[in-house]
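Undergrad: A predicted structure for the sequence below; I have some questions about it.
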Amino acid sequence: MTAARLDRIRARLEELRLDALIVTTPSNRRWASGFTGSWGVLLVGRDATRIATDSRYWEQADLQAPDFNLVRAKGPLPNWGEELLDGLGGRRVGFEPAGMTVAEYDEWTAFLATMSPPSRPEVVPAPKALEALRMVKEPDELEALTKAVLLGDAACEHAVSIIEPGMTEQALAWEIQRYAMGHGADALSFDTIIAGGPWGALPHARPRDVPLLEGQGVVIDMGVVVDGYCSDLTRTVFLGTPDAKFAEIYDIVLTAQTMAEERLEAGMTGQQGHEIAHEVIRRAGYGDAFGHGLGHGVGLDIHEDPRLSPTYTGTIEDGHVVTVEPGIYLPGWGGVRIEDQCVMENGRLRVLSTARKLDLEVGVTR
């Protein structure tokens, strides 16, 4: 797919009035070239395509990025920067602000100042130049995402099948990782969240060496990576028979999620999508207890555009893969979050996640 993506990037350069783009964001580098090494810099121009990397990855770059000419980076930027930018004197070249640290920006600025005026390009910020292209997933990307979702579902179902009172949050998180890695995951998408009882009121709680207790809810938020692509899933279960309060909160959150998944259409803004779910929770009296956005894009990165949030004015379109994850968080009591991963197809959302939602009573003899 690299050649087709390069055509898309060059069309994007035309839109941005750029002659070339310096790519330093790891996921953008992989998407544009196929290169999976931990360090490298791409140069995608109207004619030239180059990849600079160090000796650890010279052979790997030749194998994974055959459409790119290798620049053998030895030492600091001034040793190889002119070769990377060769032929671009006076041309307008973009860089990725989000893909550079302040130190790296300062290094590039100092290096460019040493170049002779005839060979020095005009280097300008080009925020989200490639992210705009990556939002629409290609068929091979959707295939990898679906594999990741199904493996993540299976890992979560495994965790739900073995959870019991007395098991620690950390032990359950380890069981998810062990299952995922043993069944073909490249890695976890992020550190697994296991939050029992009141700890569930923290949307991004870290697992503790604390036992899970009967009579409490447990939030499980996890994801895996397959072929470089991420999954993201949240389920909330109850150790024992759910009490009236848990059942009430769970029903509100599930209704909000169902409404959003059924009513979100292509062409709606991220704001409008978020509001579908938030209105359900607000009318139930818990509007202030849902403080985060409804969802986010998923791909090579676990969080990417588009967003379902009160501040995202971009639209959701066919080919976008997003999470739908409303929640209610009550300090001192706990939280409920339910999350699916979905793809927009033919104007409507198709839910990819398959892990169960309604069988909430776990970890006790029935």
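TA: On my side now, so go ahead. Numbers count the residues shown, from 1 in each chain.

Undergrad: Would you list the phi and psi of residue 344?
TA: When read as degrees, to the nearest 10, the backbone of residue 344 gives phi -80, psi 120.

Undergrad: Might you report the residue contacts of it?
TA: 264, 266, 316, 317, 318, 319, 320, 321, 322, 350 (Cβ atoms under 8 Å, 6 or more residues apart in numbering). The C-beta positions use only the backbone N, C-alpha and C, and glycine is treated the same way.

Undergrad: Buried subset of those, written for PyMOL?
TA: Buried residues among those (16 or more other Cβ atoms under 10 Å), as a PyMOL selection:
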select buried, resi 264+266+316+319+320+321+322
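
Undergrad: Show the residue spans covered by the helices in the stretch 251-366 of the chain.
TA: Along the stretch 251-366 of the chain, counting by DSSP state H, counting those that start in this stretch, helices occupy 270-283.

Undergrad: and what of the stretch 101-250 of the chain?
TA: Going by DSSP H, counting those that start in this stretch, the stretch 101-250 of the chain shows helices at 102-114, 131-134, 139-162, 169-182, 244-263.

Undergrad: could you dump the contacts of residue 344 to JSON lines with pLDDT and distance to residue 214?
TA: Converted to JSON lines, the contacts of residue 344 look like this (pLDDT from 0 to 100; distance: Cβ to Cβ, whole Å):
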{"residue": "264", "pLDDT": "98", "distance to residue 214": "37"}
{"residue": "266", "pLDDT": "98", "distance to residue 214": "45"}
{"residue": "316", "pLDDT": "98", "distance to residue 214": "41"}
{"residue": "317", "pLDDT": "98", "distance to residue 214": "46"}
{"residue": "318", "pLDDT": "98", "distance to residue 214": "45"}
{"residue": "319", "pLDDT": "98", "distance to residue 214": "44"}
{"residue": "320", "pLDDT": "98", "distance to residue 214": "41"}
{"residue": "321", "pLDDT": "98", "distance to residue 214": "37"}
{"residue": "322", "pLDDT": "98", "distance to residue 214": "35"}
{"residue": "350", "pLDDT": "98", "distance to residue 214": "37"}
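
Undergrad: Return the per-residue confidence for residue 332.
TA: At residue 332, the pLDDT value in this model is 97.

Undergrad: Kindly report the same for residue 364.
TA: Note for residue 364: predicted pLDDT of 67.

Undergrad: Ok, residue 293 next?
TA: pLDDT, read off for residue 293, is 98.

Undergrad: One more: residue 3?
TA: Residue 3 is assigned 89 on the pLDDT scale.

Undergrad: least trustworthy helix or strand in the chain by mean pLDDT?
TA: strand 361-362 (a mean of 81; mean pLDDT, DSSP states H and E).

Undergrad: That strand pairs with which strands, and in what direction?
TA: strand 233-239 (parallel) (DSSP bridges).

Undergrad: Cool, thanks, signing off.
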